[in-house]
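Chemist: need coordinates for the below:
(one chain, ligands or ions: 1)
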Amino acid sequence: MKRTPPARRRAQTAAQRGTRRVPLAILGGGMTGLAAGWASGLPVFEAEAAPGGICSSYYLRPGKPGRLNHPPRDGEAYRFEIGGGHWIFGGDTGVLRLMQRLAPAKKYERISSVFFHEQNLYVPYPLQNHLRCFGREFRSKALVEILTSPKASFKTMAEWLTQSFGPTLTTAFFGPFHELYTAGLWKSIAPQDPYKSPIDAGLVIRGASDSTPPMGYNTTFLYPLAGLNALAQGLARGCDVHYGKRAARIDANNQTVVFQDGSQVKFESLISTLPLNRMIEMTELKLEEPPDPYTSVLVLNIGGVRGERCPPDHWLYVPSSRAGFHRVGFYSNVDASFLPRSAREPANRVSIYVERAYPGGQKPSPEEIRDYSGATWRELQQWGYLKDLEALDPTWIDVAYTWSWPGSKWRGAALRALESRDIQMVGRYARWTFQGIADSIRDGLYVGAANRP
Ligand SMILES: Cc1cc2nc3c(=O)[nH]c(=O)nc-3n(C[C@H](O)[C@H](O)[C@H](O)COP(=O)(O)OP(=O)(O)OC[C@H]3O[C@@H](n4cnc5c(N)ncnc54)[C@H](O)[C@@H]3O)c2cc1C
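Modeler: The predicted model follows:
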């Protein structure tokens, strides 16, 4: 009889000891996984030590390194978010009620602009409804193009934007902004989220000479009074979450998740909120279609003395910047509670998040991140947003925005392949779709309730 070597036998026994059998398990304790765990009571396996995924807050004392998970007793810390400002848009009534119960939230009216720094020009978002902010010649050209451009068929995001907004606005804003936002992909990927840039001919005409009402999917938004963590923690309290459980491999044939710490879970069925591309890699399922692309985002959280030209906006879309970022948001313009307690009343500080996109997974080195961080803060100082720096803290989000090649069938094939192995994918990254927190919670609740033992 063939004998197992002692070292291997020991490893096997250890692995067997760490094997848990569950009829159903949930992977990922972000908003989607927590909502699924809350509705089903099923165990949630989360890689990190805290719930919420990229929708969670942390705290930094001015001038001191080291993230704090909870606000210090004296309140003397900036509240930042892992994934940059996360504002809660839309949402079904039931989901909103649950959110308000778990973490009471306040409603805000969006203030947002496009900022052309070379001209020091702020144009309210969406800029097609505010053409009066531009010079006469630009305005008439853009107006005629939007209203008369022929609507032919299009394949790529670049074609769709040019046809919708015309060459003048595309050259000035939509093109350079999407070049940064999609890390250069906009000329080859399929159009996405047309509802984010709506065209209403009546408002476009009116906005060329007069003010127009706010438009779009995010004219108002909610934010929890006690910070975004309050929502994640509220959901987590009703869940059986196992922290520090990073899935490293999934044996789809033997229905086993192997975690980085060597423990395993044998499941009959799995609900996964992990990104679709990572699930295909981890399960080693073979697909004929090439994977759809994604972009990563480096979020830079910054706090300091407020500059004199700091605008009142909640966030700005930036079509060009020397450092390469495309969006700048102002936590403290949404709510002063993001600032250290002693800085709230004099309102002499500002807290900012800055987003820069990279081709999927191409993480810069620590030196490059340091150089980029320095360049960003200097640029914001030049723009008059910040005087002195008190906090500067980067976070890398590997799968941040998901895209599709024109006509791609990869997403459907990937979801079907996993479904055939009893792995249900749910949430923004798992289903490779654009959606916010409220819809992610809705989908988690729905899948959780449907799978309740
Ligand atoms: C830059 C940016 C800004 C955004 N701004 C907004 C906004 O303002 N408003 C809004 O509503 N939405 C916003 N979103 C979208 C929002 O972040 C998502 O809707 C939400 O995070 C989806 O939650 P999720 O649980 O599906 O995913 P995630 O938050 O990504 O959660 C996945 C969880 O899985 C865990 N995990 C990952 N790998 C493993 C593994 N191998 N094993 C175990 N666990 C693992 C992660 O740690 C994480 O907790 C933004 C997204 C980005 C990228």
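Chemist: okay, CA-based contacts and neighbour counts for the rest of this
Modeler: Noted.
Chemist: partners of the longest strand along the chain in the sheet?
Modeler: The strand that spans the most residues within the chain, counting by DSSP state E, is strand 386-402. Next to strand 386-402 in the sheet, as set by DSSP bridges, lie strand 294-306 (antiparallel).
Chemist: so what's the gap between the strand it pairs with and the chain middle?
Modeler: 12 Å (C-alpha atoms, centre = their mean, to the nearest Å).
Chemist: what's the answer for stretch 394-413, then?
Modeler: So, by C-alpha atoms, centre = their mean, the centroid of stretch 394-413 is 12 Å from its chain's centroid.
Chemist: endpoints of that stretch, how far apart?
Modeler: Distance between the two ends of stretch 394-413: 35 Å, counting by C-alpha to C-alpha, to the nearest Å.
Chemist: any chance you could list what contacts it?
Modeler: Here stretch 394-413 makes contact (C-alpha atoms under 8 Å, 6 or more residues apart in numbering) with 54, 82-83, 155-156, 188-190, 192, 275-276, 287, 289-301, 360-361, 363, 369, 373, 429, 431-434.
Chemist: run the last query once more with 6 Å
Modeler: Contact with stretch 394-413 is made by 155, 189-190, 289, 291-300, 361, 432, as judged by C-alpha atoms under 6 Å, 6 or more residues apart in numbering.
Chemist: before we move on, what about stretch 234-241?
Modeler: Stretch 234-241 is contacted from outside by 34, 37-38, 43-44, 102, using C-alpha under 6 Å, 6+ apart.
Chemist: so for that stretch, what gets flagged as buried?
Modeler: Judged by neighbour count using 16 or more other C-alpha atoms under 10 Å, the buried positions of stretch 234-241 are 234-236, 239-241.
Chemist: again with stretch 259-267
Modeler: For stretch 259-267, by 16+ other C-alpha under 10 Å, it's 259, 262-267.
Chemist: mark which of those residues are part of strands, please.
Modeler: 259, 264-267.
Chemist: closest one of these to the ligand?
Modeler: Phe259 (7.4 Å; C-alpha to the nearest ligand atom).
Chemist: show the contacting residues for the closest one.
Modeler: With C-alpha under 6 Å, 6+ apart, Phe259 has these contacts: 245-248.
Chemist: that older thread, can you redo the buried residues of stretch 259-267 as a markdown table with distance to the ligand and pLDDT?
Modeler: Shown next, in a markdown table, are the buried residues of stretch 259-267 (distance: C-alpha to the nearest ligand atom, whole Å; pLDDT from 0 to 100):
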| residue | distance to the ligand | pLDDT |
| --- | --- | --- |
| Phe259 | 7 | 97 |
| Gly262 | 13 | 95 |
| Ser263 | 12 | 95 |
| Gln264 | 12 | 95 |
| Val265 | 12 | 93 |
| Lys266 | 15 | 93 |
| Phe267 | 15 | 91 |
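Chemist: farthest pair within those?
Modeler: Gly262 and Phe267 (16.1 Å; C-alpha to C-alpha).
Chemist: what are the ranges of the strands in the stretch 151-300 of the chain?
Modeler: For the stretch 151-300 of the chain, applying DSSP state E, counting those that start in this stretch gives strands covering 220-224, 240-242, 247-251, 256-259, 264-272, 294-306.
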